[in-house]
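Novice: Sequence and predicted structure are below.
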Amino acid sequence: MTTITLPPQCTREAALAVLAQAREQGTADLAIDGIAVESVGQAMLQVLLVVLGGRPLGSPSAALADMVRKVGLGPRLLEGAAQ
Amino acid sequence: MTPKDLTDIFFVECEESLQLAEAGLAACQEGTHDDDTINAVFRGVHSIKGGAGAFGYWPLQGFTHIFETLLSDVRDCTVAIEPHLVDLLLRALDTVSDHVTAAREGGDPPADAALLAELEAAMAANQGKAAAFAAAVPVPVVAPAPAAADDFDLDALLDGLGDEPAETVPEKEWLVQVRPHAGAMLNGSEPVLLLRELVALGGQCLACDTADLPDLDKFDPAQGYLVWTFAMPATVSEDALRELFDFLGEDCDLAIGADAPRPALRLAAPPPPVPVASVSAGGPDKPAASAAAAPRAAAAAPGQSVRIDLAKLDRLIDTVGELVIAQAMLAQRLGHANLANVEELGTLDVLVRDIQESAMAFRAQPIDTVFGRVPRLLRELGSSTGKRVRLEVSGETTELDKTVIERLGEPLTHLIRNAVDHGIETPEERLAAGKSAEGTLTLSAEQRAGRVLIRIADDGRGIDRARVLAKARERGLVAANATPSDEEIDLLIFAPGFSTAQAVSNISGRGVGMDVVRQNVKDLGGRITIESVPEHGTAFVLALPLTLAISDGMIVEVGDQTLVVPLAHVVESLRPAEAELKGVGSGRQMLNVRGRFIPVVPLCQALGDHRTGVDKQAGVLIVVETGNSGRAALAVDAITDQRQFVIKSLERHYCHVDGVAGATIMGDGRVALILDVDQLVASHSRPPAQLEAA
């Protein structure tokens, strides 16, 4: 299992980097750790939705979980509801 | 880009918006009330409000909201522009500026209740329409907590789904779909921050539609694939919500109401490919020219700009400085090999100078950024002194180094305060003196001979020299029997603690400012001079360097020392005939330059080397112009070169040395001192017993 740890500031640039890594390594055996995240933007939310494909984020930080819930993506990204 | 980067951009844009609005209101004051002017003011305030809401600066957003509402009425011609209204708008803009400062520095927001009441009263005068509008859009001075999920009234929401909102303020919760497109994620914008804003206003996200998300292979993270549906509380109007998203313009679609169709996916065009082909299109014989042409063409597009971290620019300037030193070293080595005049070295010299000037231009800012603060200062001074002052500005596009601009604000403010407090008379005094009741303060800037001259002039009473001299004698600054010239008397106002004010006001009069002003200007490598005519006014002229990093200088030899004389001071150099030198008193000499006698300053003595006296007949005299001491002739052994030099702070690496402005590294790696010509000449030519103030 490969794990990508998200940076504290999940900006558009960070989203591009995560996407590139996910494309390179494949998503089947990929986990994403959000323990360090302080803020997240739309680009990263979209990347997470595509890369995780219904699997939950690993160890989301409180800030990430709060924002994900506020924008209605809690079931998808925190609980792993299928697309 | 970090959140701090985003807020930094917001505050930079706030300053730009404030300047835009200030310029517009200044035009209104002059009688220009056309649509473009009013719209410019409105846009400035509106931009600040939009960003304040997005970043959660609620007091700023609240104030600008009311301010903007009044401006909207002005724009719609439902409120007439009259002088008292322009005055109110200017004061409101000053308060916006204070709010921005408080938000940026994390301080307490200014007390704005009284001004808000005035703004609302001005709106209320508009047949009550504006007041009703203000009441309809509550200002979230404190961000309301988001509604807890358990408290959310779904029944009420569903009841309201079929109803079209008949008025600005809906009676029940209502729905909005938000579709940010690709552009909403560019240039520092972040849609998620605005969604968070909806939550802060009491909205709740009901759904995030991900149906447009493609597979990983086709996914482009630059596109906006998501659509959010939010339920908004009745307390938030549709107008307020649209204003919140106005920040994103056409990059975000909103669909209001339960029946509104879902905003469609709008894919942005992919970025243009890097023109690799154009590099080879020029043919194999000219690849470099073609490669250079592509970025040059892009750079030529008008109106494009890029924000660069100042630290990166400073690194570039430092590197250019090292390049200048390296070039000097190369020139010296080639000179030793009798190759000093090779064509390639001349080309390199031109290129290095071009690069240096371009790098310096990156740091250049128009002086308008400092002049732009003066109208507010004059309003405050006018209100506290009862004096009426008109401002005239010219040369505001003149550019100076950013550091010079930043450090210019304080001395300029002090000079203006003094001009209004001491120089310009009260309206009654002016009328009695046959002048107009309104005083005039003139600010001008111009580039001349590698320096920028800034002139701050008033048409007031001028310096009362009799009083200044009496005060100076009283304080022992001038000997009782001394008869200083008018210029020397004027310079006494720069003495530490010197003041002729009969009463200390909150504006000036404690005598703690003018010496600091002169020191500030001097620290910038500049000089300040005074021109004062009794009953006609006083002008302070600041001569400042364009840059603080690299300058042109004359390289001279004195004994075994290599020294640099900044070229800005140099008038001419000459070898005097014996008859042109006249002895004066104990070892001093004067030089006759075309009928005008100027003092000779032997640099060897000034540097403390009394044994290695310079033979003034065998040596060279450099005639220099100083800020406060007129002209003088510096005696040196030889002039060896004239070139650019990189200014290094001596104080940072060693300590302050009188008569020395800094140091530089020569082509052979040795350190040479840069002379502080003003100080050297002043300390040589002025008897300390006569004028301590100097």
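Specialist: Alright, I've got the coordinates. Numbering: from 1, shown residues only, chains lettered A, B, ... in the order given.
Novice: For the chain, which residue occupies the most central location?
Specialist: This is for chain A. A:Leu48 (3.7 Å; C-alpha atoms, centre = their mean).
Novice: which residue packs closest to it, ignoring adjacent ones?
Specialist: If the residues on either side of it in the chain are set aside, A:Leu48 comes closest to A:Leu77, at 5.8 Å by C-beta to C-beta, 6 or more residues apart in numbering or on different chains. Yep, even glycine has a C-beta here, placed from its N, CA and C like the rest.
Novice: contacting residues for the one residue in chain A that gets nearest to chain B?
Specialist: Nearest residue of chain A to chain B (C-beta to the nearest C-beta) works out as A:Gly72 at 3.7 Å. A:Gly72 sits next to B:Cys205, B:Leu206, B:Ala207, B:Cys208, B:Trp228, B:Thr229 when contact means C-beta atoms under 8 Å, 6 or more residues apart in numbering or on different chains.
Novice: ok, back up a step: can you name the residues that contact the residue nearest to A:Leu48?
Specialist: A:Leu45, A:Leu48, A:Leu49, A:Leu52, A:Pro56, A:Leu57, A:Pro60, A:Val68.
Novice: Got phi/psi on it?
Specialist: phi -100, psi -20 (degrees, to the nearest 10).
Novice: ok, now B:Phe63?
Specialist: Dihedral angles for B:Phe63 - degrees, to the nearest 10 - are phi -70, psi -50.
Novice: next one: B:Gly423
Specialist: Torsion angles at B:Gly423 (phi, psi; degrees, to the nearest 10) stand at phi -80, psi -60.
Novice: hang on, isn't it packed against B:Asp458?
Specialist: Yes - the criterion here is C-beta atoms under 8 Å, and B:Gly423 meets it with B:Asp458 at 4.1 Å.
Novice: so what's in contact with these two at the same time?
Specialist: Contacts common to B:Gly423 and B:Asp458, judged by C-beta under 8 Å, 6+ apart, are B:Gly439, B:Gly537, B:Thr538.
Novice: Now flag whichever of the residues you listed is closest to chain A.
Specialist: Using C-beta to the nearest C-beta, those come closest to chain A at B:Gly439, 52.2 Å.
Novice: Pull the contacting residues for the nearest residue to that closest one once chain neighbours are set aside.
Specialist: Nearest residue to B:Gly439, sequence neighbours excluded (C-beta to C-beta, 6+ apart): B:Ile424, at 3.6 Å. Counting by C-beta under 8 Å, 6+ apart, B:Ile424 touches B:Lys387, B:Val389, B:Arg430, B:Gly439, B:Leu441, B:Asp458, B:Asp459, B:Gly460, B:Arg461.
Novice: just to revisit the earlier point, quick one: which of the contacts of A:Leu77 has the most company?
Specialist: In terms of neighbours by other C-beta atoms under 10 Å in any protein chain shown, the contacts of A:Leu77 top out with A:Leu48 at 27 neighbours.
Novice: Quick check, B:Tyr225 in contact with A:Leu45.
Specialist: No - counting by C-beta under 8 Å, B:Tyr225 sits too far from A:Leu45 to count as a contact (9.8 Å).
Novice: follow-up on the earlier one: neighbour-wise, which one of the contacts of A:Gly72 leads?
Specialist: B:Trp228 (24 neighbours).
Novice: Which of the three states applies to that residue?
Specialist: strand (DSSP: H, G, I helix; E, B strand; the rest coil).
Novice: same question, the one 3 residues further on
Specialist: Each residue gets one of three states, and B:Ala231 gets strand by three-state DSSP.
Novice: Roughly how far does it sit from B:Ala268?
Specialist: 29 Å (C-beta to C-beta, to the nearest Å).
Novice: same thing with B:Gly24?
Specialist: To B:Ala268, B:Gly24 is 33 Å away according to C-beta to C-beta.
Novice: So the two - more neighbours on which side?
Specialist: Between B:Gly24 and B:Ala268, counting by other C-beta under 10 Å, B:Gly24 is the more crowded of the two (24 against 15).
Novice: hang on, isn't that one packed against B:Thr37?
Specialist: Yes - taking C-beta under 8 Å as the definition, B:Gly24 is a contact partner of B:Thr37 at 5.0 Å.
Novice: since we're on B:Leu345, how many residues are nearby?
Specialist: Around B:Leu345 there are 15 residues (other C-beta under 10 Å).
Novice: my read: it touches B:Met329, true?
Specialist: No - contact between B:Leu345 and B:Met329 fails when scored by C-beta under 8 Å: they sit 11.9 Å apart.
Novice: one step back: point out the other elements, helices or strands, that the helix or strand where the residue nearest to the centre of chain A lies touches.
Specialist: A:Leu48 belongs to helix A:42-52 when assigned by DSSP states H and E. In terms of contacts (3 or more C-beta pairs under 8 Å, 6 or more residues apart in numbering or on different chains; DSSP states H and E), helix A:42-52 is packed against helix A:12-25, strand A:30-33, helix B:191-200.
Novice: As JSON lines, those with distance to B:Ser683 would be great.
Specialist: Shown next, in JSON lines, are those (distance: least, C-beta to C-beta, whole Å):
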{"stretch": "helix A:12-25", "distance to B:Ser683": "57"}
{"stretch": "strand A:30-33", "distance to B:Ser683": "68"}
{"stretch": "helix B:191-200", "distance to B:Ser683": "59"}
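Novice: nearest to B:Asp112, of the ones you listed?
Specialist: helix B:191-200 (21.0 Å; C-beta to C-beta).
Novice: so after that closest one, what's the next helix or strand?
Specialist: Counting by DSSP H and E, what follows helix B:191-200 is strand B:204-209.
Novice: quick one on the thing from earlier: most tightly packed of the helices and strands packed on helix A:42-52?
Specialist: helix B:191-200 (a mean of 22; mean count of other C-beta atoms under 10 Å in any protein chain shown).
Novice: For it, give me every contacting residue.
Specialist: With C-beta under 8 Å, 6+ apart, helix B:191-200 has contacts from A:40-42, A:45, A:67, A:70-71, B:53-56, B:140, B:143-144, B:146, B:176, B:178, B:180, B:184-185, B:205, B:224, B:228, B:230, B:232, B:241, B:244-245, B:247-248, B:252.
Novice: Filter those residues down to just the buried residues.
Specialist: A:40-42, A:45, A:67, A:70-71, B:53-56, B:140, B:146, B:176, B:178, B:180, B:184-185, B:205, B:224, B:228, B:230, B:232, B:241, B:244-245, B:247-248, B:252 (16 or more other C-beta atoms under 10 Å in any protein chain shown).
Novice: Which of the residues you listed fall in helices?
Specialist: A:Gln42, A:Leu45, A:Met67, A:Lys70, B:Gly53, B:Ala54, B:Phe55, B:Leu241, B:Leu244, B:Phe245 (DSSP state H).
Novice: coming back round to it: next, work out how far apart the residue nearest to B:Gly439 and chain A are.
Specialist: 52 Å (C-beta to the nearest C-beta, to the nearest Å).
Novice: thinking again about what came up before, now the shared contacts of B:Gly423 and B:Asp458 in JSON lines, with secondary structure?
Specialist: Shown next, in JSON lines, are those (three-state DSSP):
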{"residue": "B:Gly439", "secondary structure": "strand"}
{"residue": "B:Gly537", "secondary structure": "strand"}
{"residue": "B:Thr538", "secondary structure": "strand"}
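Novice: now those: which count as buried?
Specialist: Looks like those have B:Gly439, B:Gly537, B:Thr538 buried, using 16+ other C-beta under 10 Å.
Novice: Can you add pLDDT and give those residues back as CSV?
Specialist: Listed next are those as CSV, based on pLDDT from 0 to 100:
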residue, pLDDT
B:Gly439, 93
B:Gly537, 94
B:Thr538, 94
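Novice: Show the model's pLDDT score for the residue of chain A positioned farthest from its centre.
Specialist: Outermost residue of chain A with respect to the C-alpha centroid, by C-alpha atoms, centre = their mean, is A:Glu24; its distance is 16.4 Å. With respect to pLDDT, A:Glu24 has a value of 86.
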